[in-house]
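In: Any chance you can model this:
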Amino acid sequence: MSAAESVKALRDAIEGLYTAFSHYPLRPHVEGCPCCVETSDQETIRARPLRKLTGQDLEKYAFKAVTTWGSEADWKHFLPRLFELLASGPMDWDIPEEIIIGKLDVSAWYYWPAPEREAVTAYLMALWQAALSSYPCFMHSDIHWACVGEVDACLCSIGQAVRQMTPFLEVWEGDESAPALRHLAKFIYENAGTLGKRRALSNAFWKGRAVQMRQVVDWLLSPRRAATLEEAFFRYSDEPFAGEFSTAVDQLRQIS
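Out: The predicted model follows:
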C-alpha cells in the first residue's frame with residue numbers, strides 16, 4: 001500500500017468511526033469530578049460542533065475521560081474527533097497519544113457492540129499502515145518523534161488498547177517497502193539499549209502492558225528480523241540509507 005493509499009484508508013476509517021458512534025449525543029451536562037472540572041471546562045467541550053473542536057478544546061477532557069470526567073457514552077461521543085485529531089497533526093495539545101488511545105482499554109472496548117469494535121479495529125490498523133508507509137512520518141516529519149505517526153509511538157499506543165499485537169506485527173513483517181524497513185531499523189536502534197539489558201522496549205508506556213510488550217520483543221528478536229534486514233541491505237545497497245539496515249543487523253546480533 002502506497003503512502004497516498006494508506007492515508008486515504010485512514011481517512012475512510014475515521015469516517016467509519018463517526019458513523020459507528022453517531023448515535024451518542026453530547027449530553028447537556030457531562031458530569032465530572034467537582035474539584036477539577038469547572039463550568040468553563042464544560043463550556044469549552046461544547047463551544048463548537050464536534051468536527052470543529054480543536055485539540056485545545058478537548059485536551060482536558062481527553063486526559064480525564066471515563067476516569068474522572070464523563071461516562072463511557074460521553075467518551076464514545078468524542079472518540080471519533082479525538083482519534084481524528086491524533087491522525088491529522090500537527091498537535092495543539094500536550095497529551096501523549098498513548099494515553100488517549102489507552103482510554104479504549106480503560107473503557108473495555110472489546111465488549112462494545114460489534115460495529116463499534118470493528119470501526120475501532122479498522123482505525124487502529126489504518127493508523128498503523130499509514131505509519132509504516134512513510135518515512136520518517138506521514139504527518140509532520142520535522143517533529144515526528146512527538147506524534148502518533150511515528151512508529152514507536154504508534155505501536156506503543158496500539159499496545160495500550162489491544163490484547164494481541166500479532167495482527168499488527170504481521171502487517172509489518174509483510175511490508176517490504178523501504179519506509180517500513182527503515183522504520184524497523186530505526187525501531188531496533190532506539191530500543192537496542194533496553195533490549196540488550198532487560199529484553200524490554202524503551203517507551204515508558206509499555207509499563208503495565210507486559211504481555212503486549214513481550215509479543216513485540218519476541219517478534220523483534222526472532223532470527224527472521226535480522227535476515228529481513230540483511231536482505232534489505234543488499235536490495236537497497238545503492239541507496240544512502242542502506243547502512244541503517246546493516247547497523248540494525250549488528251545490533252540484533254549483539255543483543256541475541
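In: Next, the buried residues of the helix or strand harbouring Phe78.
Out: Phe78 belongs to helix 72-86 when assigned by DSSP states H and E. Neighbour-count burial for helix 72-86 flags 74-86 (criterion: 16 or more other C-beta atoms under 10 Å). Every C-beta, even on glycine, is put in place using the N, C-alpha and C of the backbone.
In: after that helix, next one along is what?
Out: helix 97-106.
In: Could I have the CA atoms of that following helix written out in CSV?
Out: Extracted C-alpha coordinates of helix 97-106, given in CSV (Å, rounded to 0.1, in the frame of the first residue of the first chain):
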residue,chain,number,x,y,z
GLU,A,97,-1.2,9.6,22.2
GLU,A,98,-0.6,6.5,24.3
ILE,A,99,-3.0,8.0,27.0
ILE,A,100,-5.7,8.8,24.5
ILE,A,101,-5.8,5.5,22.7
GLY,A,102,-5.3,3.8,26.1
LYS,A,103,-8.7,5.0,27.1
LEU,A,104,-10.1,2.2,24.9
ASP,A,105,-8.7,-0.3,27.4
VAL,A,106,-10.0,1.7,30.3
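In: Which stretches in this protein count as helices?
Out: Using DSSP state H, the helices of the chain run over 3-20, 39-44, 55-64, 72-86, 97-106, 114-133, 151-159, 166-174, 178-198, 210-220, 223-235, 242-255.
In: Give me whichever of the ones you listed is most buried.
Out: Burial of the helices of the chain is given as mean neighbour count (mean count of other C-beta atoms under 10 Å); helix 151-159 ranks first at a mean of 24.
In: how much does it deviate in direction from helix 210-220?
Out: Using axes from the mean of the first three to the mean of the last three C-alpha atoms, to 10 degrees, the direction of helix 151-159 lies 140 degrees away from that of helix 210-220.
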